[in-house]
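Undergrad: With the sequence up front, the predicted model follows.
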Amino acid sequence: MSDQPAVTVAVDTDLDSTYDETDAWSYATSLSSSVERYKWENGRRYHSYREGAYNFPNDEKEQDRLDMNHHLCLLLLDDELHFTKLPRDRAIRILDIGTGTGIWAMDMGDKFPNAQVVGNELSPIQPRWVPPNVQFEIDDVESPWPPRDPFDFIHIRYMLGSIQDWPKLLRQSYENLAPGGWIELQDFNTLAYSEDGSATEDNKILEFCRVFNAACDKMGRHGSPGQHLKGWVEDVGFTNVRHEVRKVPVGTWARDRKLKQIGALYRLNLEELLEAALLGLLVRVENWKPEEVNVFIAQIRTALNDRSAHVMQEFHIVWAQKPGK
């Protein structure tokens, strides 16, 4: 019996088909000069506050990619910001951990005008004009959380390669939720594969995933958290745990139109991610030379345009409740 998983994403065999790819948080810390002081490496800007806690850039190029990733997540969640059912008949407190540009938090502020939405981030890259019920706080979420009013909903999305101690983070989240409150996590299993064996182990996208995860492991930060989220929240004591997995094609090879759209947008996102994910990481952690990283990136970009290799990853959505209500 073959160990190969059953093929569930149909391949578009029309290689000449056209698709428009362009469719395709201490707490109360003011934004002081120490927070706004940045570090430049190899032409990219990085945060200096709690340096080393986050290894991706924070420049405008990366901010654009994060906003693109937000739209990708909306596609993967069927145009929903979350799967957790939240009450609309009362004011609730929402925490967005790793808010990035703040786009999800602002969307939630618009969706729930009676809610108080707090976005947490290491870098002050959020816009100054935001919905009146949205605020941003700059700090490291892996530091001890101070006493504060509990939240009704905590959202954690796209934190791969960023968190050193996931169980600790989830314990702090649990402790800061009101009884009956919910947590929702959304993240990738970054270990790419092909269901039909069309991508072999020498495929540069698969190699990219292995190299990225090895460097993250060496740094002590999990590069592929998606497949572990359910077990982690269960271990902390959350109940009513729900789990969904969405297939994410890399490129436009899928037959299904929505998957083709997702694949096109994800490929564009990956093309922008490569330098952000690899340049600082491989130079700092693996002692690569910048020019070696750039050659590797060029090879991966070539592979991203190969429709004969049906590469995909998985996006995991886990939502769960704190007992007591």
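TA: Thanks, I have the structure now.

Undergrad: top strand in this structure by residue count?
TA: strand 177-193 (DSSP state E).

Undergrad: in its sheet, what does it sit against?
TA: Sheet pairing for strand 177-193, assigned by DSSP bridges, gives strand 151-157 (parallel), strand 312-321 (antiparallel).

Undergrad: Mind listing what's buried along the helix or strand just after that strand?
TA: Following strand 177-193 in sequence order, the next helix or strand is helix 204-219 (DSSP states H and E). Judged by neighbour count using 16 or more other CB atoms under 10 Å, the buried positions of helix 204-219 are 204, 205, 206, 207, 208, 209, 211, 212, 213, 215, 216, 219. Bear in mind the C-beta positions are built from the backbone N, C-alpha and C, glycine included.

Undergrad: Just want the angle from helix 204-219 to strand 312-321.
TA: Helix 204-219 runs at 50 degrees relative to strand 312-321, counting by axes from the mean of the first three to the mean of the last three CA atoms, to 10 degrees.

Undergrad: which residues touch helix 204-219?
TA: Helix 204-219 is contacted by residues 55, 160-161, 190-193, 199-200, 222-224, 250, 274, 277-278, 281-282, 285-286, 296, 299-300, 302-304, 309, 311, 313 when judged by CB atoms under 8 Å, 6 or more residues apart in numbering.

Undergrad: Where does the prediction get shaky in the stretch 201-325 of the chain?
TA: 325 (pLDDT under 70).

Undergrad: Strands of that one, start to end?
TA: Along the stretch 201-325 of the chain, counting by DSSP state E, counting those that start in this stretch, strands occupy 239-249, 312-321.

Undergrad: Can you tell me which of these is most buried?
TA: strand 312-321 (a mean of 22; mean count of other CB atoms under 10 Å).

Undergrad: mind saving the C-alpha coords of that one as PDB?
TA: Output in PDB follows, covering the C-alpha atoms of strand 312-321 (Å, rounded to 0.1, in the frame of the first residue of the first chain):
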ATOM      1  CA  MET A 312       0.800  22.600  -1.500                       C
ATOM      2  CA  GLN A 313       0.800  23.400   2.200                       C
ATOM      3  CA  GLU A 314      -1.900  23.300   4.900                       C
ATOM      4  CA  PHE A 315      -3.600  26.100   6.900                       C
ATOM      5  CA  HIS A 316      -5.000  25.100  10.300                       C
ATOM      6  CA  ILE A 317      -7.800  26.900  12.100                       C
ATOM      7  CA  VAL A 318      -8.400  25.900  15.700                       C
ATOM      8  CA  TRP A 319     -10.900  27.600  18.000                       C
ATOM      9  CA  ALA A 320     -11.600  26.500  21.600                       C
ATOM     10  CA  GLN A 321     -13.400  27.700  24.800                       C
END
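
Undergrad: Check the gap between residue 288 and residue 296 for me.
TA: Per CB to CB, to the nearest Å, residue 288 is found 8 Å from residue 296.

Undergrad: Repeat that for residue 270.
TA: Distance from residue 270 to residue 296, by CB to CB: 14 Å.

Undergrad: Equivalent analysis for residue 289, please.
TA: Residue 289 is 11 Å from residue 296, by CB to CB.

Undergrad: if I pick the residue lying closest to residue 278 once chain neighbours are set aside, what's in contact with it?
TA: Ranked by CB to CB, 6 or more residues apart in numbering and with sequence neighbours excluded, the top spatial neighbour of residue 278 is residue 293, at 5.4 Å. Residue 293 makes contact with 278, 279, 282, 283, according to CB under 8 Å, 6+ apart.

Undergrad: most neighbours, which of the residues you listed?
TA: With neighbours taken as other CB atoms under 10 Å, the top of those is residue 279, carrying 23 neighbours.

Undergrad: in the stretch 51-200 of the chain, which ranges drop under the pLDDT threshold?
TA: Ranges of the stretch 51-200 of the chain meeting pLDDT under 70: 51-59, 125.

Undergrad: in it, which spans are helices?
TA: Counting by DSSP state H, counting those that start in this stretch, one finds helices in the stretch 51-200 of the chain at the ranges 60-76, 103-111, 166-175.

Undergrad: Ok, which of those helices comes nearest residue 147?
TA: For those, the distance to residue 147 is smallest for helix 166-175, at 10.3 Å, taking CB to CB.

Undergrad: Next, the angle from the closest one to strand 151-157.
TA: 160 degrees.

Undergrad: buried residues in the longest helix seen in the chain?
TA: Taking DSSP state H as the criterion, the chain has its longest helix at helix 257-285. Buried residues in helix 257-285, counting neighbours by 16+ other CB under 10 Å, are found at 259-270, 272-283.
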